[in-house]
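>>> Next comes the sequence, and after it the predicted model I'd like to discuss.
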Number of protein chains: 2
Amino acid sequence: MGWATSDPDFRVKLLRFVDVLPSLRTAGAVADHVRQYFREGTPLPVRIGSAVAGTGAFRPVLSKVVRQGVFTMADRFIGGAGPEEAIPRLWEMVNGGTAYTVDLLGEAVLAEGEADVYLRRYLDLIDVLAREAERHEAPADVRKPNVSVKLSALTAHFEPAAPEATWTAVRKRLLPLLTAARERGVFVNIDMEQHRLKDATHYILEQVLMEDAFREWEDAGVVVQAYLKDASEDIARIRVLAERRETAITVRLVKGAYWDEETLLARQEHREAPVFEDKAATDLNYELCTRQLVAAYPHLRPAFGTHNPRTLTQAILHTERAGIPREHVEFQMLYGMAEGLRRAVQEQGYRTRVYVPAGEILPGMAYLVRRLLENTSNESWLMHRHEEGDAEDLLRMPVASERADHAEAPRFRNETPALWHEPGVRAAMDDAVKSVRTSFGAHYALSVGGRSVDTTERDTISYPAEPAVALGTVARADTSHVDLAVAAARAAIPGWRDLGASGRAGVLREAADAIAARQFEFAATMVFESGKPWAEANGDVIEAIDYLRYYAGRAEELAPGLDLSVPGENNRYAYEPRGVAVVIAPWNFPLAIITGMAGAALAAGCTAILKPAEQSPIVAAKLVAVLQDAGVPGAAVQYLPGPGETAGAALVAHPGVDVIAFTGSNAVGLGIIQEAAVVHPGQRNVKRAVVEMGGKNAIIVDEDADLDQAVAGVVASAFGYAGQKCSACSRVVTVGSARAEFRTRLAAAVESLVAGAPHDPYTYLPPVISAEAKARIEEYARIGHEDGRLGAGGPRGAEDDRRDGYRNPQAAQD
Amino acid sequence: MGWATSDPDFRVKLLRFVDVLPSLRTAGAVADHVRQYFREGTPLPVRIGSAVAGTGAFRPVLSKVVRQGVFTMADRFIGGAGPEEAIPRLWEMVNGGTAYTVDLLGEAVLAEGEADVYLRRYLDLIDVLAREAERHEAPADVRKPNVSVKLSALTAHFEPAAPEATWTAVRKRLLPLLTAARERGVFVNIDMEQHRLKDATHYILEQVLMEDAFREWEDAGVVVQAYLKDASEDIARIRVLAERRETAITVRLVKGAYWDEETLLARQEHREAPVFEDKAATDLNYELCTRQLVAAYPHLRPAFGTHNPRTLTQAILHTERAGIPREHVEFQMLYGMAEGLRRAVQEQGYRTRVYVPAGEILPGMAYLVRRLLENTSNESWLMHRHEEGDAEDLLRMPVASERADHAEAPRFRNETPALWHEPGVRAAMDDAVKSVRTSFGAHYALSVGGRSVDTTERDTISYPAEPAVALGTVARADTSHVDLAVAAARAAIPGWRDLGASGRAGVLREAADAIAARQFEFAATMVFESGKPWAEANGDVIEAIDYLRYYAGRAEELAPGLDLSVPGENNRYAYEPRGVAVVIAPWNFPLAIITGMAGAALAAGCTAILKPAEQSPIVAAKLVAVLQDAGVPGAAVQYLPGPGETAGAALVAHPGVDVIAFTGSNAVGLGIIQEAAVVHPGQRNVKRAVVEMGGKNAIIVDEDADLDQAVAGVVASAFGYAGQKCSACSRVVTVGSARAEFRTRLAAAVESLVAGAPHDPYTYLPPVISAEAKARIEEYARIGHEDGRLGAGGPRGAEDDRRDGYRNPQAAQD
């Protein structure tokens, strides 16, 4: 740990190694990893270890030594592999006058069966701790058993977009747990996890603690994370709950343990992080929360989880000033850390409690890594412990540093996905879903040469989840419309082109802003037209916004061309629009892909004729209207829904077309490539066909993969939007020993997916797009069932078939 | 001129404007150019003039004022529009004791008719000056007429690669000119022009001054340019000539007037400039040449053309020390410049002569611009004339500055074209042409899977200029060879790919070096196989070398791929070879294009199957041998000559092929695009077809174009290699008033092109590739003759048809 503190590079390597160690199932794998992780730039003894790792005879020994070393480190921070192993240590503490709370370490819960296991482990824990407490003598407040629970572990589908449904799912495991605790006199503390789960966590607390069985129960606690910018709202919310139920709630105020993830995710999504980026700002906020918490007494009872002497001193000061009885105040520290500080607080006559994680060491490795990070961070207070004469420094008021402005506005910024944990966002989407329902029955005409053109033949679009419900009707283009549209598009080129790259970019950015302003309407349209669940529909909309802005920027960047002059010659390389672009779009990203293909063409100065997929013409009609409203001339962006076999084929074959952008099936795509290669009489250019077709996307799960992440990633990729995305994982390659466990957990996770109608925010697995698609999947499941081994899914019993819509019988085949 | 001196930006604009002015045929054009050239960043009065240029009423006035201004400037430096106008000024000088030499300004000579005009103007000049000299009294040495002549103006085809043939062409006009001069007592000075013409100019002088009629003639002079690094060799060479003929030759030592062009061309061709880049180095060299010239007396008589006081003082010093009689030493200055200095020299008792240009002011504008450049250059001595107390400074020994090293070796450098004016280069090519002739009759087998594979069917390749002469025979691949080759190419991918980008680049660079080492052999092979004249063949070879080095570098640059990571994700974008590339090459760049297409594929890690054009398989066989010798595995680069209809079609259709690179006709190219779009059973990829087809390349001659350059450029583009290049100009668009004069001069220039066999270095227009090509061109000429107006060329009389080969009846149609 000394090396890790003084050498940031080695620290990263060490933590990565500790992180991967649980996945290494053989001595050889351990030795190989030691060799690869510590080969270079590490302290000499480590490098020597790494060097001998290649030598056959040393490998088992090395593996043993390394595992032993990590176990020794783990033993310092983890109370024991399970409740029984932890008991002696807990009672050593209790006998010394220190209370405890036990947290069970474990893998992520990805399947309902895994949630069952989690519940069972907690029921066991409660039983063991209660039995032990009954057997021993100690002051009641010290010996009282105390456990910490994570709500997300009580269901495989904890959905921020649907707190009510999540409560229903969590309830069936939370009630037995709380009932057992209440019956056995065990205190239950609800841990707080990632920010996006917080609103639903509060909602669930509000439900369960208002139930008759628990309304007067005093042994419930909840966590507030001071690193959150909205932590004070959390305290206010819990206070309201406590006042409503008229029973105090204990609040453990902590700094927060998901800082890396919160900041990373925010950066990924181009939004402000919910946490303070500066440690001092967190410390300041902790103090503000301390005052608020103290002011909320007796409704709330404060428990301060901190290792920071200044923070702790402040807490003591404020509780003393407020005259809160010492038995209603607690100071909590982590097991194996800041023991001296804890003892000092205890000696001042305060109650202290140690947070003791228990569980298999290897699955608990993420916890261990976090503790190692804290113990080797140069920012951590723990690092100061050997320094002398720095009491002043330690107790100084924290000063939040100015937030550094980003050096430069980035050229392109992705639109931020909807934050479903925000009630306002959920309400907006909910309103949009209702509003779109009221628009059912509308008719969408063609847009040709700037005019609305109707046809006698019309297609009806229905909701995949309720095939009987018609969203509306759409005109059907035939070859005569194709001829008109291509002629209009040709004529529109000079005007659109001569607007210049920045002129066109301005129009496209305005369209992007318009879609952003109406993003929930667009998403709700896709919910019904394409059967997209909320999050998928939102992703589709923001990708469309991104495309418009991205291509607008790219066209501006390319517009100046290149200066390829050589001495004595002035040479300019310039970009010109190719001409008329036909965009033939798929239904699975009904807005994003058609917008991307059309946006690229329009940004370049081409005119575009959009033929949406037959399954998703309505959202495309809205897109074309937005583009025209933003300033794209009606003849420069035309709307030509119609069958691929007639309208699509006529567009592809038309001699007046210069570019064909297509995304869709192999069969159609290869046909387009062939047809586009024919130069018809009167054709000025060889057509350029940009054809994106299907594939069998593979994910490789390596032997040292973190299966929590691998299973979750494969599920999201393969089964998001019922696997109907072109980017969906359709093969998994597992390496060596990863296979058995991965397969078991994947199958369980797939079986646990929540199927339903996409307008319901709790739905993960929507119905597939059509009866044909459903039949095709069932056929594959049947083949899989006959020819191979189905890990999950496959042919269903009668009770499943009663559900409505083109329900997706997803099959995960071995 | 004051503004131009103090404002470099305005100076550039002014000189450009003066340069373009002669081409402006209307008042509107002059006004428009004033507006465009001087709109911004110019002195206020000029900007005001520019501003009013848009006002209709002012335009004729402005045009008149501007023209008048430039004529006034011109009048300062140009003696008169023609001999008659110059006479009064010349005799004013002569009467003042100063001699003169007259140089006739004019357009570039691009046609034989223009050379005739030039000769006639000089004969007139000689006549007028001689008559005048006879009429006036003055010391003989002062009144003696003296003219300066440029040899390149005596023929439309002054060819550095062929001094002997150039002498033959120049002789028929040079002899009458010198004869007239000798008979009328006129001194003729041969001006020196661009460095590339120098060797041929010396050669012609050596021929003509050794002819009996002129061997004892003393009235001949020649110029040596001190800015040339090899100027001292020139003096030595002239001295040898003077010693051989036993009659003195006058040498005018000048600094040199083509510095911009020499340095620019050298930079363009990535070679060392023949001139010193530093003015001080030129001044130093002038002094060294002065000593050498003085030492060569009495064989050589020095004439110092300089305006530099230090240079001049040195010349006086050395001639005095050597005791050269003052009547055998001359100091020459330009008309309108350094008049005070000239008078000072004259007052010291030395003979002085003024170089007087005469001619239409507008065509002489290039001369005027050069003079303006000197008068406004901050480096020029003339700029010092108003400064005081700087005599010391002016007479200080020049110190050449260290040549600045280029900051960084450029990533890619084009190979330098052959310098045909260098005798060693000509000899090497001549040897190669002879050597290739001795190889006639060889047979070239296929190279399949690393083995030499022969076939019973063979094709014979003949020399387009002498169709009866067979160069050799070539094996003919059929579909069975195609199958073998594709299988071998597929199998060879991993080995070649895994060599890595730098490994492959190393091999390709070695091949490039090997071709460079054998460049004359490769060029000579093309001379015979493809009927390429020397310069065209050389261009083809160096382009091939460039392609290999360029793609080697590009592949290395692309090899690392891109890091597209976002927070929380490691994303890598990598380049992989596509697979097997088929290269179907044209005959018109028989080495460059096949090397480019194959080089790109090989650099990327693809394996390549080369099908050369049926007309040019031999040079391709040599290329494949070089690539294999350099280290490309035999199966990674294969040689499959054969008919397009069988071998080519089979390669294109083969399911094992991934990329098709083709350069050739529209018909074949479009067919390849269609065939490549078909995905055959067993095919892994959609084929990528990179197809470069024909076009009708246009050159636009704007109203303000310099027609000397426009005509020369169109001739080079349209008729270089008999117009058989894909980049050949096939249309000229003339704007407005440019048309009539351009058309006349172009037709004359085309009629003057030297047709012949390509092994003859004097040939410009070689026979076309085949009897079919000849017949096709004749057919176009016939159509043009019937339907339009032929400006030049077209159906020929009987005497033309006696010439050998597929003589090119180039037609320039109206």
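Cool, the structure landed. Keep in mind the model is a prediction, meaning the values are calculated, not measured. Residues are numbered from 1 along each chain as shown, chains lettered A, B, ... in the order given.
>>> show me what contacts the residue of the stretch 1-150 of chain A found nearest chain B?
Closest approach of the stretch 1-150 of chain A to chain B (C-beta to the nearest C-beta) occurs at A:Arg16, with a separation of 12.7 Å. (Each C-beta comes from the backbone N, C-alpha and C, glycine too.) Each residue near A:Arg16 by C-beta atoms under 8 Å, 6 or more residues apart in numbering or on different chains is listed here: A:Tyr37.
>>> That one is in what secondary structure piece?
helix A:8-20 (DSSP states H and E).
>>> Which positions within that helix qualify as buried?
Neighbour-count burial for helix A:8-20 flags A:10-11, A:13-15, A:17-20 (criterion: 16 or more other C-beta atoms under 10 Å in any protein chain shown).
>>> how many degrees apart are the very next helix or strand once past it and helix A:8-20 in direction?
Later in the chain than helix A:8-20, the nearest helix or strand by DSSP H and E is helix A:27-37. Helix A:27-37 runs at 160 degrees relative to helix A:8-20, counting by axes from the mean of the first three to the mean of the last three C-alpha atoms, to 10 degrees.
>>> elements contacting helix A:27-37?
Under the contact criterion of 3 or more C-beta pairs under 8 Å, 6 or more residues apart in numbering or on different chains; DSSP states H and E, helix A:27-37 touches helix A:8-20, helix A:44-52, helix A:58-77.
>>> what's the closest non-adjacent residue to the residue of the stretch 201-350 of chain A found nearest chain B?
At 3.9 Å from chain B, A:Arg267 is the closest residue in the stretch 201-350 of chain A, using C-beta to the nearest C-beta. Nearest residue to A:Arg267, sequence neighbours excluded (C-beta to C-beta, 6 or more residues apart in numbering or on different chains): B:Pro567, at 3.9 Å.
>>> Let's see the pLDDT reported for that neighbour.
At B:Pro567, the model reports a pLDDT of 86.
>>> And for A:Lys64?
Value for A:Lys64, per-residue pLDDT: 82.
>>> What parts of chain A come near chain B?
For chain A, the residues in contact with chain B (C-beta under 8 Å from any C-beta of the partner chain) are A:264-265, A:267-268, A:566-569, A:670, A:673-674, A:676-679, A:686, A:691.
>>> List the contacts of the residue of the stretch 501-650 of chain A found nearest chain B.
Closest approach between the stretch 501-650 of chain A and chain B, counting by C-beta to the nearest C-beta: A:Pro567, at 3.9 Å. For A:Pro567, the contact set (C-beta under 8 Å, 6+ apart) comprises B:264, B:267-268.
>>> same deal with A:Asp563?
Residues in contact with A:Asp563, defined by C-beta under 8 Å, 6+ apart, are A:571-573.
>>> before we move on, the earlier item: kindly export the helix holding A:Arg16 (C-alpha atoms) in PDB.
Provided in PDB are the C-alpha atoms of helix A:8-20 (Å, rounded to 0.1, in the frame of the first residue of the first chain):
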ATOM      1  CA  PRO A   8       0.000   6.300  -9.100                       C
ATOM      2  CA  ASP A   9       0.900   4.100 -12.000                       C
ATOM      3  CA  PHE A  10       1.500   1.100  -9.800                       C
ATOM      4  CA  ARG A  11      -1.700   1.900  -7.900                       C
ATOM      5  CA  VAL A  12      -3.800   1.700 -11.000                       C
ATOM      6  CA  LYS A  13      -2.200  -1.600 -11.900                       C
ATOM      7  CA  LEU A  14      -2.600  -3.000  -8.500                       C
ATOM      8  CA  LEU A  15      -6.300  -2.000  -8.200                       C
ATOM      9  CA  ARG A  16      -7.000  -3.400 -11.700                       C
ATOM     10  CA  PHE A  17      -5.300  -6.600 -10.700                       C
ATOM     11  CA  VAL A  18      -7.200  -6.900  -7.500                       C
ATOM     12  CA  ASP A  19     -10.400  -6.200  -9.400                       C
ATOM     13  CA  VAL A  20      -9.800  -8.900 -12.000                       C
END
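>>> Also compute the angle for that helix relative to helix A:44-52, please.
Going by the same axes, to 10 degrees, helix A:8-20 makes 50 degrees with helix A:44-52.
>>> mind checking how far helix A:8-20 is from the chain centre?
Distance of helix A:8-20 from its chain centroid, counting by C-alpha atoms, centre = their mean, to the nearest Å, is 25 Å.
>>> For A:Trp656, which non-adjacent residue is spatially closest?
Wrong residue type there; residue A:656 is Gly, not Trp. Excluding its sequence neighbours, the residue lying closest to A:Gly656 (C-beta to C-beta, 6+ apart) is A:Val486, at 4.1 Å.
>>> Can you name the next helix or strand after the helix or strand containing that neighbour?
When secondary structure is defined by DSSP H and E, A:Val486 falls within helix A:479-497. Following helix A:479-497 in sequence order, the next helix or strand is helix A:500-517 (DSSP H and E).
>>> what residues does that next one touch?
Contacts for helix A:500-517 (C-beta under 8 Å, 6+ apart): A:415, A:496, A:499, A:522, A:541, A:544-545, A:548-549, A:551-553, A:555-556, A:558-559, A:595, A:599, A:602-603, A:605, A:623, A:626-627, A:629-632.
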